[in-house]
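> Provide a 3D model corresponding to the input given below.
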Amino acid sequence: MIISIESPESPDVLALLAEHLGEMHATSPKESVHALDATALSGVEMTFWTARDAGVLLGCGALKELSSQAAEIKSMRTSAAARNRGVGAAVLQTLLAEAKRRGYQNVFLETGSQEHFAPARRLYQRAGFVDCGPFGDYRTDRHSVFMVRSLADQE
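Next up, the predicted model:
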């Protein structure tokens, strides 16, 4: 598996992001969907990665700079065909390593509170994320779980 920075505008990434957005809208109320499309993932504050095996897209994730001290993980997604192969964990470790390299103190994320999102929450908990309150522009929402990972303990 090769994880590298890539534009979110390639056709296979666009299809994966459309699947992601569709699933988010099917499982959460509109006002609780915080997933981003390719245009938003191309913003100057974003860095977008893909995971590929022999060119086949396995998953993706992005790091959004919130400040010089903090970042947010966005659009973590593993393709249906690549689930349970460690893709999400590998992409997450890449994002955390880059956040540490950039000198961020904390990395935040928002995910769903519904049972559908339990595997994602377990992945983040295994990586050292803990629950926190809303951050950035988020507001308290019973459909959202907010998490943070301190990078101070990452050597």
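> and the helix or strand harbouring residue 51, which strands flank it?
Using DSSP states H and E, residue 51 sits within strand 46-53. In the sheet, strand 46-53 lines up against strand 2-5 (antiparallel), strand 56-65 (antiparallel) (DSSP bridges).
> in that strand, what's buried?
Using 16 or more other CB atoms under 10 Å as the test for burial, strand 46-53 gives 46, 47, 48, 49, 50, 51, 52. C-betas here are computed from N, CA, C, even on glycine.
> could the residues you listed go into JSON lines alongside distance to residue 79 and pLDDT?
Shown next, in JSON lines, are those (distance: CB to CB, whole Å; pLDDT from 0 to 100):
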{"residue": "46", "distance to residue 79": "20", "pLDDT": "94"}
{"residue": "47", "distance to residue 79": "20", "pLDDT": "96"}
{"residue": "48", "distance to residue 79": "16", "pLDDT": "95"}
{"residue": "49", "distance to residue 79": "14", "pLDDT": "97"}
{"residue": "50", "distance to residue 79": "10", "pLDDT": "96"}
{"residue": "51", "distance to residue 79": "9", "pLDDT": "96"}
{"residue": "52", "distance to residue 79": "10", "pLDDT": "97"}
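> and the residues you listed, which two are the farthest apart?
Farthest-apart pair in the buried residues of strand 46-53 is 46 and 52; separation 19.0 Å (CB to CB).
> got the buried residues for the longest helix along the chain?
What stands out as the longest helix in the chain, according to DSSP state H, is helix 11-27. Across helix 11-27, burial judged by 16+ other CB under 10 Å covers 13, 16, 17, 20, 21, 24.
> show me the strands in the chain, by range?
2-5, 46-53, 56-65, 70-78, 106-112, 130-132, 144-150 (DSSP state E).
> how much space between residue 5 and residue 33?
Here the criterion is CB to CB, to the nearest Å. By it, residue 5 lies 25 Å from residue 33.
> so between those two, which is more surrounded?
Higher neighbour count among residue 5 and residue 33: residue 33, with 17 against 12, using other CB atoms under 10 Å.
> for that one, give its distance to residue 142.
From residue 33 to residue 142 the distance is 14 Å (CB to CB).
> list the contacts of residue 45.
Shown in contact with residue 45 (CB atoms under 8 Å, 6 or more residues apart in numbering): 64, 65.
> against residue 123, how distant is it?
As judged by CB to CB, residue 45 and residue 123 stand 24 Å apart.
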